[in-house]
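[1] with the input below, show me the fold.
(2 chains)
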Amino acid sequence: MAIARRKFDAVIVGAGGAGMRAALQLSEAGLKVAVLSKVFPTRSHTVAAQGGIAAALGNVTEDNWHWHMYDTVKGSDYLGDQDAIEFMCRQANEVVYELEHFGMPFDRLENGKIYQRPFGGQSQNFGGAQATRSCAAADRTGHAMLHTLYQRNVRANTQFFVEWMGLDLIRDEQGDVLGVTALEMETGEVMVLQAKATLFATGGAGRIFHASTNAFINTGDGLGMAARAGIPLEDMEFWQFHPTGVYGVGVLISEAVRGEGGYLLNKDGERFMQRYAPHAKDLASRDVVSRALTTEIKEGRGCGKDADHLLLKLDHLGADVINMRLPGIREIAIKFARVDPINEPIPVAPTAHYMMGGIPSNFHGQVVAPYKTGPEEVVQGFYAVGECACVSVHGANRLGTNSLLDILVFGRAAGNQIIEDLKKNPHHKPLPADATDKVLARLARLDAQKDGENVAQVGTDLRKTMQAHCGVFRFADMLKQGVTKIGEVAERVAHTEIRDKSRVFNTARVEALELDNLVEVALATMVSAEARNESRGAHARDDFPQRDDDKWLKHTLYFSEGRRLDYKPVRLKPLTVESFPPKPRIY
Amino acid sequence: MRFSIYRYDPDKDDKPYMQDYDIELEPSDRMLLDALIRIKSIDDSLSLRRSCREGVCGSDAMNINGRNGLACITPVAGLKEPVELRPLPGLPVIRDLIVDMTQFFKQYHSIKPYLINNDPPPETERLQSPEEKAELDGAYECILCACCTTACPSFWWNPDKFVGPAGLLQAYRFLADSRDQASAERLDNLEDPYRLFRCHSIMNCVDACPKGLNPTSAIGKIKDMMVKRTV
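    Here you go, the predicted structure:
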């Protein structure tokens, strides 16, 4: 079967904040860019970010990018690469001002400057008083940002391929990346999009967990494609569980609630966070707060008839503050928790939220992987930014508001890097003859499958396995069983069946293809977690409760083929300043 | 719970039909989207858009018992049975509950939905008072779900000529922005018997908006601006 082929300078897969920031850079430089997205761009999951974007503007309290860098390194539990963290924190003010110039509707202070609020893990003067660093548009910062970036791309005439799903990466014999195969959902047609630069900005994969704040589309498509093409996945054992998902539903309740002065209570009405983080209390790092909630529940101090959640109190802030600064939270609480936070606390529980790991990249957005000479060789033609990438600026635990910063800084950096690289590589490389063989075989298998399993059922089993075996606290025997169980799920994924065979907008087919990606992410997570015999950031092992810098101050690399692990050193040397050496992490 | 759902697959159906489903919901299936996902786990051919499941992405707009709304924030409790689900009215159907939104976005793009300011940007942020920012509240929060525009008879009759409430709300969002310098150009762009003035203030849009926004009021303000600049 003949497959249509189109050529572009650059193909970007994913139209969230990272993909659109990169697209803007390329479109404005006059390059021919195609941006693929499974959903209309403003429906990407950046839209759900709430609390803000970090930048040391100093609009409210004195601030400095270097303090922000310290907080990020400490927040990462020293697993973050300090060159990339310096790069990000140094550029924060510039990308935020730029976003404001694009039209971002930030909230304002009386003097007309951008409104900033306190957030978890952010300090002044290297661990001193609480910083006020989160630039916010009420509690809809992601929505405001995503729409602003889309609008700016409309102005720049960026070409979007809306409701197209990336299927597989195309690599040649040298390992260079030459583009992707993709599915147009409306027609069911497969196309080859050939590119001199292929940028993945496919977002997260929180849908590997049963209880997740993530959207349905967050199925780790970029990671699945990369893993199938032989690219390793980095630090996949590190998943952030957000302390405050709506109990029983999972919808996110922003840390901005605590930033504005809300706090957590157990069944005795105790502000328990002061026992776990005497200094920062409710604004400790997310991994710390999520473990505290889980411990309270485990020790019988949870709320409700099953003692399985806690309460987030904010009524003391008053109706005015809630309506002005947290209107979206109020809306969510009323709809999903059936409480009005002006009067009552919100029932919450830790909920899978963010993937610190991803496709290994450097701070130019280039994908780096071991080939022959070292662990971080550039994969020619391949770039990754945003949640799907592991730069790594978040290390073992991301600070709230650093994700929106990450997507702007590295979206822009990758755009700039691509512009430079295309000057050196102005021509398309020839496609290998077998470029589409594997993906067509995968699609043919799915269409021909008889007596296979239901996609929804296998997906549910995958999510429940991850939830039970790889949660906030991790246990050696559960992880060991988890590896076996998730391997069994992977077997079943290879034999799923869809009954819908239509060519037109076949969402059953899309969900089956998404499951191929989810299972790669789940395997990488479970195998990497089982091997890491220490506790660091979001990876908390019951049998190894301490961080072990002698043995484990290193990044994990998981290879899909053979489900093999390798490791590479953490980049402890920043670009210009002194390194922050690992020390005990106390909030 | 009983559902009656609009079905149409151009790959195999000559014409649309309504299909009945009678399904057992779990206690955790509180929203209409939860119910639809349960139906889809049994009949994988049922097609709909969905993503965030919390009312911010705007994917799962549909006509629910005769009213436009988002499935993910519509509680199943209280819906009259059988729950009748149809695609958003006034747009071509691609399949089942999925409509072709090309015309809707074309109108959105037609109002130049981006800030226009030709001054060189300052070193830091452009200043804006909290009061000036407040002018954008109630406008920038739009999620482009199309519930309002596809509830508007003026749009049904002239989808190619009338911008529709969603597009006009965004036109107002930029007209109201103290940082924007293109007010005259924006008003010129709407000075036409159809683009703005086909709104007859019947307020279906206000009724339909799942985010509680008020496009009619924004349209009224644009009309006031038009009048003000002629006198």
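[2] which regions of chain A sit below the pLDDT cut-off?
    Scanning chain A for pLDDT under 70 picks out A:1.
[3] select the longest strand from it.
    Across chain A, the longest stretch assigned as strand under DSSP state E is strand A:189-200.
[4] same for it, what does it pack against?
    Counting contacts by 3 or more C-beta pairs under 8 Å, 6 or more residues apart in numbering or on different chains; DSSP states H and E, strand A:189-200 packs against strand A:4-13, strand A:33-37, strand A:164-171, strand A:177-184, helix A:221-228, strand A:377-384, helix A:402-424, helix A:437-448. In short, each C-beta sits where N, CA and C put it, glycine included.
[5] now render the ones you listed as a markdown table, adding mean neighbour count.
    Formatted as a markdown table, those follow (neighbours: other C-beta atoms under 10 Å in any protein chain shown):
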| stretch | mean neighbour count |
| --- | --- |
| strand A:4-13 | 21 |
| strand A:33-37 | 26 |
| strand A:164-171 | 24 |
| strand A:177-184 | 24 |
| helix A:221-228 | 27 |
| strand A:377-384 | 24 |
| helix A:402-424 | 23 |
| helix A:437-448 | 15 |
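[6] angle of the longest strand of chain A against strand A:377-384?
    120 degrees (axes from the mean of the first three to the mean of the last three C-alpha atoms, to 10 degrees).
[7] run the chain-centre distance for strand A:189-200.
    Distance of strand A:189-200 from its chain centroid, counting by C-alpha atoms, centre = their mean, to the nearest Å, is 22 Å.
[8] strand partners (parallel or antiparallel) of it?
    strand A:4-13 (parallel), strand A:177-184 (antiparallel), strand A:377-384 (parallel) (DSSP bridges).
[9] distance to residue A:462 for the helices and strands packed on strand A:189-200 - can I get that in JSON lines?
    Shown next, in JSON lines, are the helices and strands packed on strand A:189-200 (distance: least, C-beta to C-beta, whole Å):
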{"stretch": "strand A:4-13", "distance to residue A:462": "23"}
{"stretch": "strand A:33-37", "distance to residue A:462": "24"}
{"stretch": "strand A:164-171", "distance to residue A:462": "19"}
{"stretch": "strand A:177-184", "distance to residue A:462": "22"}
{"stretch": "helix A:221-228", "distance to residue A:462": "13"}
{"stretch": "strand A:377-384", "distance to residue A:462": "24"}
{"stretch": "helix A:402-424", "distance to residue A:462": "24"}
{"stretch": "helix A:437-448", "distance to residue A:462": "17"}
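[10] show me what contacts the closest residue to chain B within the stretch 251-400 of chain A?
    Residue nearest to chain B within the stretch 251-400 of chain A (C-beta to the nearest C-beta): residue A:251, separated by 4.7 Å. By C-beta atoms under 8 Å, 6 or more residues apart in numbering or on different chains, residue A:251 lies in contact with A:213, A:245, A:332, A:336, B:53, B:54.
[11] repeat that for residue B:28.
    Contacts of residue B:28 (C-beta under 8 Å, 6+ apart): A:248, B:34.
[12] surely it is in a helix?
    No. Under DSSP: H, G, I helix; E, B strand; the rest coil, residue B:28 sits outside any helix and is assigned coil.
[13] list the contacts for residue B:207?
    B:67, B:151.
[14] contact partners of the helix ranked longest in chain B?
    As assigned by DSSP state H, the longest helix anywhere in chain B is helix B:215-230. Contacting residues not belonging to helix B:215-230 are listed as B:138-139, B:148, B:165-166, B:168-169, B:171-173, B:175-176, B:183-184, B:187, B:190-191, B:196-197, B:199, B:201, B:203, B:205-206, B:209 [C-beta under 8 Å, 6+ apart].
[15] among these, which are in helices?
    Using DSSP H, the contacts of helix B:215-230 in helices are B:165-166, B:168-169, B:171-173, B:175, B:183-184, B:187, B:190, B:205-206.
[16] specify which member of the contacts of residue A:251 is nearest to residue A:181.
    Set against residue A:181, the nearest of the contacts of residue A:251 by C-beta to C-beta is residue B:53 (28.8 Å).
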